[in-house]
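Enquirer: sequence? don't have it. structure:
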């Protein structure tokens, strides 16, 4: 029957789609370096400025992802940002490691890079990284490079004997 | 008497202007009520015995498996087109490099569930309405009543279950194939590195991106199956009635999918 | 007048559609083991009468009783239970087109009575044999059968549970005269074999006289005439006469004012 043949064609197509899906997933997981972690442990880190750091951001050591930021909150007493980091149990970090918030790009998000220290003791689950370096306000930094004094027209006006120049400027624009 | 008549005259005028509005509002409210009652009965029938495993299995295959080709095709082309569009658009503010992330988020959170649902609205909602409508027109539903079997348990329930459980699975496929479409466009047309594209995608995705899409898909699946069943079950007037039921099932599914998509997205974005 | 309680009865049933009373106080009853045929022209309320009897339409007023128990206010579950004593042959047979013929016949056994598939299939094939359909037909789908075979399969589905009461909705409509005769014969055989009470509606007088012990004429929502099937020819009532003559004499003058 034509109905039966149609059903066979649909079955074949459906199977092809399923096979392709599974194939792409397997390829992705192998290339993406996702391995099933055996669990995580939590450590804390305090920053003066968290910047664009958000839950889900990556935590990396030497550029390799070892965990994620699970939570960013404010300590109401010290006004510091507290980030909870969820680290793969297979990665042991020395107690004197440094955590630094790095920007992914000018407009991208932020992630935490950890520079391992030299201590013989490891950070325990629930422990805290004491050496931290907060986010740098990139745009602010750029702004301060462009206008070193942080001021605007004032600095220009006071440093140059301006009066003769001023009338000519609008004329030049024309 | 005269005064009373004078007072009534403008009233009557007003009521003539207002009445059509009131009538259509009431009719709309009645229809919403009817769908609500139907939905409640259908849900109870789907979740309580008697169950008909043969019917449930049949609907899982018809609604889930046989929708794979159309969902896969839609997803791969949309993923590829999305990648090219975001790459070009993102170029205006130097954000070409985050294209994989945007494609991944767009597909898992929004396009995967919505596209799969729309395809199901076209394919499955129409088919359900036509089948149940034809059964109504040829007295098969009446016959089922007289054979001591509740059509809600036998016909509607299994379709509802299949919609709610199968659309999330179809959405997982649509997510994967959609990302694959973006990846194909990025690596074949735009010279992205294959591994970097995939690593960026995997790094940006969080569990909630996918899970929220799957929750949406379950709601959409309920809508698609319910609209098909409702319009088929209430079809009147022979072949023409069945045709009308089919159109209504598709249109109302699509509208409800978009509306509930917006509602759910609002809830999800506020929750996180 | 008999003192025994009727098997099935409509008592003052009123059903309106958009203000028009299609059933206008229908009073009709059938005694146990009798076969009653309701005749009447189109639009006189025959199908509404049978739909109210089957609980597919709810009457606006009046009672419908089976063995003296009201059917009107039953819950879904009670109605379903009660339907195990009822068999129905629908006008277009109403076979489920996604199921094979034997699955159709065994539908109640499998889905409502919990009979194992194997046993249900045996009983279905037996019932198909009763209506002269061979086991080769059992595995076909309804769309592969002729109209007459579909009716027979529908009849098998109606009688397989050995119901106490059988309903036939226009059993010969859409069939050629020879097939119609065969169906009439099968119906009266089955009703006699089971000893069931039977209620049929039809506009086919030949069929009515073949399958009915008694005939009732429905006109404008009420019973206009009722009597033994063989007495129909001698009825005095002008409406009944005209109906009977039209059936006998063939085409009538459509311009006549007296057409009902």
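Expert: Happy to help now that I have it. Keep in mind that what you see is a predicted model, and the values were worked out from it rather than measured.
Enquirer: got a pLDDT number for the residue of the stretch 151-272 of chain B found nearest chain A?
Expert: As assessed by Cβ to the nearest Cβ, chain A sits closest to residue B:202 within the stretch 151-272 of chain B, at 3.8 Å. To be clear about C-beta, it is placed using only N, CA and C from the backbone, and glycine gets the same treatment. Looking at residue B:202, its pLDDT reads 87.
Enquirer: what is the strand or helix carrying it packed up against?
Expert: If you go by DSSP states H and E, residue B:202 is part of helix B:194-204. Using 3 or more Cβ pairs under 8 Å, 6 or more residues apart in numbering or on different chains; DSSP states H and E, the elements in contact with helix B:194-204 are helix A:2-31, helix B:99-106, helix B:157-188.
Enquirer: let me have those helices in TSV, extended by mean neighbour count, mean pLDDT and distance to residue A:78.
Expert: What follows is the helices and strands packed on helix B:194-204, written out as TSV (neighbours: other Cβ atoms under 10 Å in any protein chain shown; pLDDT from 0 to 100; distance: least, Cβ to Cβ, whole Å):
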stretch	mean neighbour count	mean pLDDT	distance to residue A:78
helix A:2-31	14	83	42
helix B:99-106	23	93	34
helix B:157-188	25	96	42
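Enquirer: contact partners for residue C:207?
Expert: Residues counted as contacts of residue C:207 (Cβ atoms under 8 Å, 6 or more residues apart in numbering or on different chains) are C:37, C:171-172, C:180, C:184, C:200.
Enquirer: now swap in residue C:102 and tell me
Expert: C:121, C:124-125, C:128, C:138-139.
Enquirer: which residue does the stretch 151-260 of chain C bring closest to chain A?
Expert: Closest point on the stretch 151-260 of chain C to chain A, by Cβ to the nearest Cβ, is residue C:153, at 19.9 Å.
Enquirer: and that residue, how far from residue C:159?
Expert: Separation of residue C:153 from residue C:159 (Cβ to Cβ, to the nearest Å): 11 Å.
Enquirer: now do the shared contacts for these two.
Expert: Residues touching both residue C:153 and residue C:159 (Cβ under 8 Å, 6+ apart): residue C:131.
Enquirer: and the two? which has more neighbours close in?
Expert: Counted by other Cβ atoms under 10 Å in any protein chain shown, residue C:153 and residue C:159 do not tie: residue C:153 has more neighbours, with 27 against 23.
Enquirer: burial count for the closest residue to the more buried one other than its chain neighbours?
Expert: Excluding the flanking residues, the one nearest residue C:153 by Cβ to Cβ, 6 or more residues apart in numbering or on different chains is residue C:101, at 5.1 Å. By the criterion of other Cβ under 10 Å, residue C:101 has 28 neighbours.
Enquirer: wait, residue C:101 sits on residue C:140?
Expert: Yes - counting by Cβ atoms under 8 Å, residue C:101 does reach residue C:140; the two are 5.6 Å apart.
Enquirer: was I right to think residue B:63 contacts residue B:169?
Expert: No - in this structure, residue B:63 is not within contact of residue B:169 by Cβ under 8 Å, at 10.3 Å.
Enquirer: pretty sure residue A:67 is in a strand, no?
Expert: Yes - the assignment for residue A:67 by DSSP: H, G, I helix; E, B strand; the rest coil puts it in a strand.
Enquirer: does it touch residue A:85 like I think?
Expert: Yes - if you go by Cβ under 8 Å, residue A:67 and residue A:85 touch, sitting 5.7 Å apart.
Enquirer: which strand or helix spans the residue of the stretch 151-260 of chain C closest to chain A?
Expert: helix C:147-159.
Enquirer: on that earlier part again, kindly reformat the contacts of residue C:102 as JSON lines containing pLDDT, neighbour count and distance to chain B.
Expert: Shown next, in JSON lines, are the contacts of residue C:102 (pLDDT from 0 to 100; neighbours: other Cβ atoms under 10 Å in any protein chain shown; distance: Cβ to the nearest Cβ, whole Å):
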{"residue": "C:121", "pLDDT": "95", "neighbour count": "20", "distance to chain B": "14"}
{"residue": "C:124", "pLDDT": "95", "neighbour count": "28", "distance to chain B": "13"}
{"residue": "C:125", "pLDDT": "95", "neighbour count": "19", "distance to chain B": "18"}
{"residue": "C:128", "pLDDT": "95", "neighbour count": "26", "distance to chain B": "16"}
{"residue": "C:138", "pLDDT": "93", "neighbour count": "21", "distance to chain B": "18"}
{"residue": "C:139", "pLDDT": "95", "neighbour count": "11", "distance to chain B": "16"}
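Enquirer: about what we covered before: report the angle between the axes of the following helix or strand past the helix holding residue C:153 and helix C:147-159?
Expert: Counting by DSSP H and E, the next helix or strand C-terminal to helix C:147-159 is strand C:165-169. Using axes from the mean of the first three to the mean of the last three Cα atoms, to 10 degrees, the direction of strand C:165-169 lies 160 degrees away from that of helix C:147-159.
Enquirer: from the contact counts, what lies against strand C:165-169?
Expert: Going by 3+ Cβ pairs under 8 Å, 6+ apart, strand C:165-169 lies up against helix C:46-53, strand C:86-89, helix C:147-159, helix C:177-194, strand C:197-202.
Enquirer: and the first one, average pLDDT?
Expert: Taken as a whole, helix C:46-53 has a mean pLDDT of 91.
Enquirer: who's in contact with it?
Expert: B:142, C:8, C:10, C:13, C:15, C:22-23, C:26, C:28, C:38-40, C:57-59, C:64, C:71, C:167, C:169, C:199, C:201, C:203, C:218.
Enquirer: which of these count as buried?
Expert: B:142, C:8, C:10, C:13, C:15, C:22-23, C:26, C:28, C:38-40, C:57, C:59, C:64, C:71, C:167, C:169, C:199, C:201, C:203, C:218 (16 or more other Cβ atoms under 10 Å in any protein chain shown).
Enquirer: still on that earlier bit, restricted to strands, list the contacts of helix C:46-53.
Expert: With DSSP state E as the criterion, strands contain C:8, C:10, C:13, C:15, C:22-23, C:26, C:28, C:38-39, C:64, C:167, C:169, C:199, C:201, C:218 from among the contacts of helix C:46-53.
Enquirer: report the beta-bridge partner residues of residue C:63.
Expert: Beta-bridge pairing of residue C:63 under DSSP bridges involves residue C:11.
Enquirer: number of nearby residues for it?
Expert: Residue C:63: 15 neighbours (other Cβ under 10 Å).
Enquirer: now the residue lying closest to residue B:175 once chain neighbours are set aside: how far from chain A?
Expert: Nearest residue to residue B:175, sequence neighbours excluded (Cβ to Cβ, 6+ apart): residue B:112, at 4.2 Å. Per Cβ to the nearest Cβ, to the nearest Å, residue B:112 is found 12 Å from chain A.
Enquirer: so which of the contacts of residue C:207 comes closest to residue B:147?
Expert: Nearest to residue B:147, judged by Cβ to Cβ, of these is residue C:171 at 17.9 Å.
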